[in-house]
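In: Return a 3D structure for these sequence lines:
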Amino acid sequence: MTKKLLIIAFTGLSSTMAFAADLYVRNGGTGGAYSTVSAAITAASDGDRIIIQPKTNGAAYVENLTINKSLTFVSETNYSKYFVQGTITINPAAGRVVTINNLSSGNFTIYNVVASGPTTGGRTTLNLLNCDLNNVYANQSNVTTNTSGCIVRGALNFSHGRATANKAQFITVRSSSNIQESYMATSDVEVFGNIVDDVLSYTQPFYDFKFYNNFSGRISVHGIKNGGSNEIINNSIYSTVSGDVAPLWISLNNNTGTGNIAIMNNAISFVIGQTNACIQTYSTNVNITASYNLSTNPFVTDGTMTQSNNSGSVNMNFSNTAYTVTGMNVNAGNPDVKYTDLDLTRNDAGHYGGSNSWSNYWPANVGNKPQVNYLATPRTISGGTLNINGSGFSK
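Out: Residues are numbered from 1 along each chain as shown. Predicted coordinates for the structure are as follows:
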């Protein structure tokens, strides 16, 4: 009986794999390939891979793309990007998975990656890997967006998913409506190891979030899941321009729900403007705890929160070109073993500290090699099942 079941399982797998095909796109349609990406999409079936040849001298495929199938897009030349000058629209559908590798949208502001609407009957997954993009607008209901190793010249907007090792002007997690998602994802929103030149913000009432090891100009929270638990841990927050709000700004004054936000092991430096507060909250319903945070300014807070072991006027040096923080942040984070650094010493406050250290993700293209873009392992093991979750991609 076991042998028969095994044969049936392999037969089913072989049958599924037989339907997937590789379709080639090359300049001028040489070698029997398609001459446009749109033509390949039209000819493709769900599960196919479209392999695109980068044009000579970086020339573009000048076309708008509408992706209405589960497809994977890759470059025919390893470690080289293909250039599509046009807007890329993903039509969401239940169970649809679209993966885009090595795309360049060029240095334009009008050509974006867009999820055209919410998904009905299930969820859509969009994976963006090692791309050079202008803006990403994927903040639709029932859409999960996983972005890694990308340059986004403007805004990376999404409603659920994971962002690792991207460089963007803004990263914004928000839903396009306040309507409850009809097909909830089972995971939290995770934003790990990104460069955010301006603001990393969260306005999403349906999922918990984890912001770890980012280098950002400001972190703002404007909405959270009712009764949830959220974490802002080991980020470096650095701004050379004075502003009207604190570098850590929790603006939930219109939120009547409850929940928790832990703010821990962050390194902060900013120019005092309309406020001198390092952390500012307008929430009376959400439980905010702030501990082991360091600032080059006096550690001033505004609003109600539970505090412990925070330090101000700390000698630290930040660079928003090398994306480093050095000085008295070393071994200044939470001493609990679960926050220890990769070398098993005490947590370094800032984006290099802890298990999700910046060094896990950057440089994002070291040696043009495949990259692990996510790895979750337990810091301590006391028995039971060992669960490890990881993912990676090749360029």
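
In: Mind checking what secondary structure T42 has?
Out: Secondary structure for T42, judged by DSSP: H, G, I helix; E, B strand; the rest coil, is helix.

In: Could you report the distance from it to I67?
Out: Taken as Cβ to Cβ, to the nearest Å, the spacing of T42 relative to I67 amounts to 11 Å. C-beta here means a position set from N, CA and C on the backbone, and glycine is covered the same way.

In: The two: which has the busier surroundings?
Out: A side-by-side neighbour count of T42 and I67, using other Cβ atoms under 10 Å, places I67 first with 23 against 12.

In: ok, now which ones touch the residue lying closest to A59 once chain neighbours are set aside?
Out: Counting by Cβ to Cβ, 6 or more residues apart in numbering, A59 lies nearest to F83, which is 6.8 Å off, once chain neighbours are set aside. Residues counted as contacts of F83 (Cβ atoms under 8 Å, 6 or more residues apart in numbering) are P54, K55, G58, A59, A60, Y61, S104, S105, G106.

In: Share the number of residues neighbouring the second one, please.
Out: Here the neighbour count serves as a burial measure; for K55 (other Cβ under 10 Å) it reads 14.

In: wait, it sits on N27?
Out: Yes: with the criterion set as Cβ atoms under 8 Å, K55 and N27 qualify as a contacting pair; they are 4.9 Å apart.

In: Which secondary structure state is assigned to the most centrally placed residue in the chain?
Out: With the centre of the chain defined as its mean C-alpha position, the nearest residue by Cα atoms, centre = their mean is A163, 1.0 Å away. The three-state label for A163, taken from three-state DSSP, comes out as strand.

In: in the sheet, who's paired with it?
Out: On the basis of DSSP bridges, A163 is bridged to T147, V191.

In: got a pLDDT number for it?
Out: Reading off the per-residue confidence, A163 sits at a pLDDT of 97.

In: what's the answer for N293, then?
Out: According to the model's per-residue confidence, N293 sits at a pLDDT of 98.

In: Angles on the backbone of it, please.
Out: phi -100, psi 140 (degrees, to the nearest 10).

In: Now do the contacts for it.
Out: Taking Cβ under 8 Å, 6+ apart as the criterion, N293 is in contact with I263, M264, N265, N266, A267, I268, C278, I279, F299, N310, S311, A349.

In: Could you do M328 as well?
Out: If you count contacts by Cβ under 8 Å, 6+ apart, M328 has them with L294, V314, N315, M316.

In: Quick check, pLDDT for it.
Out: M328 is assigned a pLDDT of 98 by the prediction.

In: same question, the one 3 residues further on
Out: The per-residue pLDDT reported for N331 equals 98.

In: next one: L252
Out: What the model reports as pLDDT for L252 is 80.

In: Could you count how many residues lie near it?
Out: The number of residues packed near L252 is 21, by other Cβ under 10 Å.
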